[in-house]
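Chemist: pasting a predicted model and its sequence here:
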Amino acid sequence: MDKPISVLVVASYFKGNLFLEECHRLGCKIYLLTKLSLKDEPWARDCIDDTFYIPEFTDRNEVLNAVSYLARTLVFDLIVPMDDFDVEMAAFIREHLRIHGMGDTTARYFRDKLAMRVQAREENILCPRFVHVLNYDRIREFMAEVPAPWFLKPRSEAGSIGIKKISNPQEFWDTVDKLGDEQSHRLLEEYIPGSVYHVDSIVWNHKIVFTNVSRYVKPPFDIWNFGGVFCTQTLPEGYEEEPEVAEMNKRVVKAMKIQRGVTHAEFIRSVKDGQIYFLEIAARVGGARIDMMVEAATGLNMWKEWAKLEVAYVRGEEYKVPKRRHDSASLLVSLARQAEPDTSAYNDPEVYWRMHKDHHVGMVLAGPDFERINSLTKEYLQRMAKDYMAVEPPTENS
């Protein structure tokens, strides 16, 4: 009998149980490396062979030393990160242990907003104009050429965390002055108003084998900074701008040189010129339970497929994406005033999934009729905002 594949799962946040369960089903030995503060989370413990806790993930060398110590008695065939913030850490460990998988350079394209912008520009992919917050003369040239407002973005945070909208040069210089030596970890970017899309993909042998295009009802930046019900909705194949967004996603994935895995990319369609611009890409499953929406619309769960393709690679097997459905689905999530919101009044047959998390409310709607899902989504958005919605001030970092 072949020796089981040994997987080290790196998780600085509680997520990825479906990945663990699928790896276990496929006969893998699973080792979880996580933070001590996450010890009591409901991990899929029946699927985990051993769990190792460290105080924090902030010091890369401490994490590397911990994994190197474990490697004295364990052999890891795969090192897989569960969250955006773990992608670079996993790449750093792989490089040191010389384990196959995404290395430091490629990981930068999926974590560093400046690196992915530069790479996209070199591949002639349209993205907002930007400048590294580094050389002051170049910054002044940028502000003279590109009209305000602008976005000041952290290079390595996730999603909309830490992004500031800057209205004029004085506001920029005042803000940057407070950053001190952290300035070079930012970029200043052209603000482009428009509709924001996300594309969730599966990549095998450098090629996209599955794509699902969705559109946010409201830009994530607005939800993060001003509150509201987070909502996104899948777009039918061939509907409006779906083909154009899918094609640009294909170009971006190729440019970022990922060999295999899952990606979550974001794009914006400008209200000024109607063009699609690349915003960012991550080598992970979409957050905020986007995976449940994709599953509801297509029948594929991104966590499970990710596990399947990683295991197939180590075994020298071919990965084949399952046949998908083409239903429509939407996801609605909000902070809730209630500790345990009662959503029993939301009882339409299109309710596919409900969130169970303290002071949160969320659900996925799904069905074959796009117009029906679209109409029901609008109705539920209004009801959820009235029945449950709470708002917290945005945080500066993760």
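Modeler: All right, it came through fine.

Chemist: residues contacting residue 369?
Modeler: residue 328 (C-beta atoms under 8 Å, 6 or more residues apart in numbering). For every residue, glycine as well, the C-beta is placed using N, CA and C.

Chemist: ok, residue 336 next?
Modeler: Counted by C-beta under 8 Å, 6+ apart, residue 336 has contacts 359-361, 388-390.

Chemist: for residue 36, same thing?
Modeler: 53-55.

Chemist: can you tell me which of those residues comes closest to residue 342?
Modeler: residue 53 (35.4 Å; C-beta to C-beta).

Chemist: check which helix or strand covers the closest one.
Modeler: Secondary structure assignment for residue 53, by DSSP states H and E: strand 50-54.

Chemist: name the residue closest to the centre of this protein, please.
Modeler: The chain has residue 286 as the residue nearest its centroid, 4.1 Å off, counting by C-alpha atoms, centre = their mean.

Chemist: I'd say it and residue 198 touch.
Modeler: Yes: the pair residue 286 / residue 198 is scored as a contact, 6.4 Å apart, by C-beta atoms under 8 Å.

Chemist: what residues are shared contacts of these two?
Modeler: Common neighbours of residue 286 and residue 198 (C-beta under 8 Å, 6+ apart) are residue 264.

Chemist: can you pull out the low-pLDDT segments for this protein?
Modeler: Applying pLDDT under 70 to the chain picks out residues 1, 158-160, 394-398.

Chemist: 50 - rerun?
Modeler: By pLDDT under 50, the low-scoring segments of the chain are 1.

Chemist: biggest helix in it, by residue count?
Modeler: Secondary structure of the chain per DSSP state H: the longest helix is helix 370-387.

Chemist: remind me what that one packs against, helices and strands.
Modeler: Using 3 or more C-beta pairs under 8 Å, 6 or more residues apart in numbering; DSSP states H and E, the elements in contact with helix 370-387 are strand 230-234, strand 328-335, strand 360-367.

Chemist: what's the burial count for the residue lying closest to residue 331 once chain neighbours are set aside?
Modeler: The shortest distance from residue 331 to any non-neighbouring residue, by C-beta to C-beta, 6 or more residues apart in numbering, is to residue 293 (4.0 Å). When neighbours are counted by other C-beta atoms under 10 Å, residue 293 registers 29.

Chemist: surely residue 293 meets residue 235?
Modeler: No: using C-beta under 8 Å, residue 293 makes no contact with residue 235, being 11.8 Å away.

Chemist: so what sits against both of these two?
Modeler: By C-beta under 8 Å, 6+ apart, the residues touching both residue 293 and residue 235 are residue 214.
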